[in-house]
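Student: I'll drop the sequence and a predicted model, then ask my questions.
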Amino acid sequence: MDLRWLPLSIHIKGLLIQVPRAQVHQSCVPIRARRENNPVDAPLTASPSGYEAEASQTRSLHPPDLQQLAELYERAQYYASIGPRLYVLASLAAALMESDIQRQDEIVQDLMEMLHGIQQPLLSLYLRAFVAKVVLCAWQNTADAVVVASEALVRCLVENWIEMVESWLRLSRYGLDFGVALSMETLSRLRIWRQVLAQELRTLVGAQLGALAWMPKP
């Protein structure tokens, strides 16, 4: 009998998770050995730092075309689904900020206005956290050219953090309404899940405040 396929019980934050031992055994094998055994799966098992280094090298050798980025930014605004649209717009806005330093304030203000289209507090929280992260990363990548952040950029990021806090308070006050009757067992699981979610959201909002504190004053 192959013991690798017996379930392995793991306790994470009070939740019991069943994981096949074969997956645990596979994860213990060094990445280099897994690439040699199965080169087809090499991209799936490569470390994230390797992807980041390769992407950074590609960007340095082939800088993005400013006109092409602006065209993609305009075209993405016509995408039907608002959630994926704003995530794509945030990624393109960060690339535009790095390429067009003079328009950083205009790009950020335009992006922040679009974020008001998401009214669901949980979706708004994660989306605004993602936007703040990519905007800060884009500004840090151009820190050599822009020594001090502009007043408009800091104001937009502070307003974004305030909106995150308001969404967090709405979520903690009203909770999540599923619109259907749930069993007692499901409600018990949801109670545990909400506790974990509340802790993660608390950390998320606090991390954004810490990132803002490190920005130099305009």
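Tutor: Structure's in. What do you need?
Student: For the rest of this, base every contact and every neighbour count on C-alpha atoms.
Tutor: OK.
Student: Quick check: the spatially closest residue to residue 66 that is not a sequence neighbour vs residue 191, distance?
Tutor: Nearest residue to residue 66, sequence neighbours excluded (Cα to Cα, 6 or more residues apart in numbering): residue 99, at 6.4 Å. When Cα to Cα, to the nearest Å is the yardstick, residue 99 and residue 191 sit 46 Å from each other.
Student: The two: who's more crowded?
Tutor: Neighbours were tallied for residue 99 and for residue 191 using other Cα atoms under 10 Å; the higher tally belongs to residue 99 (18 against 12).
Student: low-confidence ranges in this structure?
Tutor: 1-64, 143-149, 173-182, 216-218 (pLDDT under 70).
Student: can you pull out the strands in it?
Tutor: 7-12, 15-20 (DSSP state E).
Student: right, and the residue nearest to residue 66 touches residue 70 too?
Tutor: No - contact criterion Cα atoms under 8 Å: residue 99 and residue 70 do not qualify, at 10.2 Å.
Student: The nearest residue to residue 125 once chain neighbours are set aside: neighbouring residues, count only.
Tutor: Sequence neighbours aside, residue 164 is the residue nearest to residue 125 in space, at 5.4 Å (criterion: Cα to Cα, 6+ apart). Using other Cα under 10 Å, residue 164 has 24 other residues around it.
Student: From residue 212, how far out is residue 164?
Tutor: Relative to residue 212, and taking Cα to Cα, residue 164 is found at 13 Å.
Student: quick one, domains of this structure?
Tutor: Following automatic domain parsing, the chain resolves into domains at 1-62, 65-218.
Student: so what's residue 114 up against?
Tutor: By Cα atoms under 8 Å, 6 or more residues apart in numbering, the contact list for residue 114 reads residue 86.
Student: ok, longest helix in this protein?
Tutor: Counting residues, the longest helix found in the chain (DSSP state H) is helix 184-213.
Student: Who are the packing partners of it?
Tutor: helix 121-141, helix 151-174 (3 or more Cα pairs under 8 Å, 6 or more residues apart in numbering; DSSP states H and E).
Student: Show me what the longest one packs onto, helices and strands only.
Tutor: The contact analysis (3+ Cα pairs under 8 Å, 6+ apart) places helix 151-174 against helix 104-114, helix 121-141, helix 184-213.
Student: Deepest in the core, which of the ones you listed is it.
Tutor: Mean neighbours per residue, mean count of other Cα atoms under 10 Å, is largest over the helices and strands packed on helix 151-174 for helix 121-141, with a mean of 19.
Student: rewinding a little: quick one: closest of the helices and strands packed on helix 184-213 to residue 103.
Tutor: Nearest of those to residue 103, taken as Cα to Cα: helix 151-174 at 10.8 Å.
Student: thought residue 153 was touching residue 111?
Tutor: No - applying Cα under 8 Å as the test, residue 153 and residue 111 come out as separate, 11.4 Å apart.
Student: re earlier: ok, the residue nearest to residue 125 - contacts?
Tutor: The contact partners of residue 164, taken as Cα under 8 Å, 6+ apart, are 124, 125, 128, 129, 205.
Student: I'd like those laid out as CSV, including distance to residue 83.
Tutor: What follows is those, written out as CSV (distance: Cα to Cα, whole Å):
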residue, distance to residue 83
124, 9
125, 12
128, 11
129, 14
205, 20
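Student: quick one: which of the residues you listed is nearest residue 75?
Tutor: Scanning the contacts of residue 164 for proximity to residue 75, where the rule is Cα to Cα, the winner is residue 128, at 21.4 Å.
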